[in-house]
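1. 3D, please:
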Amino acid sequence: HYVDMPSGLIPQSLMVCVVFLGFYECSIGGAVCAFLLGLLLDMSSGIILGPWAGAYTVLYFILVNVSQRLFVESIVVAVSTVLLCTVLTGGIFLALAFEYQALSRGDIAMLLGQGVASACVAPFIFMLLSRVWRKVGALSAKRGSVVSAV
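-> Residues are numbered from 1 along each chain as shown. A predicted model of the protein is given here:
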């Protein structure tokens, strides 16, 4: 069945996963995962290969550097970071995919809508990923004890 939904109401769940990685996985493996998530979105979007991968990789490196100064256990920080990062990665994607096209009001409204939708689902995705991460054992190594490769 096909559901017609405005693109501004669709959350960017993969981007929420990249934010989670930026908060909790400070390693080359996290950077590779962020790139692969972006590549997965590129391959499923059918536009061109690379803009989402580039945007998610840039976002990951920004978050790794900034998240060391944030209280990442707070859900308020997670939700607000997801909102800002959705707009940022959408802007990076549009700049990479359509380099000579200016952002319109419709693009900005769509990015803000996706940011709000992504922020609404972020607590659930963070909760799910935290449980999986603990089972794997990745969160048990504290963030301060992990050597940053960035």
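2. would you mind listing the buried residues in the strand or helix carrying Gly106?
-> Following DSSP states H and E, one finds Gly106 within helix 105-136. Within helix 105-136, the residues that count as buried by 16 or more other CB atoms under 10 Å are 110-111, 113-119, 122, 125-126, 129, 133. From N, CA and C alone the C-beta is placed, and that goes for glycine too.
3. pull the number of nearby residues for the nearest residue to Ile125 once chain neighbours are set aside.
-> Nearest non-adjacent residue to Ile125, counting by CB to CB, 6 or more residues apart in numbering: Val16, 4.6 Å away. The number of residues packed around Val16, counting by other CB atoms under 10 Å, is 25.
4. give me the contacts around the helix or strand that contains Val16.
-> Applying DSSP H and E as the criterion places Val16 in helix 13-24. Residues from elsewhere that reach helix 13-24 (CB atoms under 8 Å, 6 or more residues apart in numbering): 30, 33-34, 37-38, 40-41, 56, 59-60, 62-64, 67, 70, 72, 78, 81-82, 85-86, 89, 118, 121-122, 125-126, 129, 133, 138-139, 143.
5. any buried residues in the helix or strand that it is followed by, and which?
-> In the C-terminal direction, the helix or strand that comes right after helix 13-24 (DSSP H and E) is helix 28-45. By neighbour count on 16+ other CB under 10 Å, the buried set for helix 28-45 is Gly30, Ala31, Cys33, Ala34, Phe35, Leu37, Gly38, Leu39, Leu41, Asp42.
6. for the last one, give its distance to Val79.
-> Same thing as Asp42. Separation of Asp42 from Val79 (CB to CB, to the nearest Å) stands at 26 Å.
7. and if you look at the fifth one?
-> Look at Phe35 and Val79: by CB to CB, they are 25 Å apart.
8. and what of the first one?
-> If you measure Gly30 against Val79 using CB to CB, the figure is 21 Å.
9. tell me the confidence at Ser118?
-> If you check Ser118, the pLDDT there is 93.
10. these two touch, right, it and Val82?
-> Yes. Using CB atoms under 8 Å, Ser118 is in contact with Val82, at 5.2 Å.
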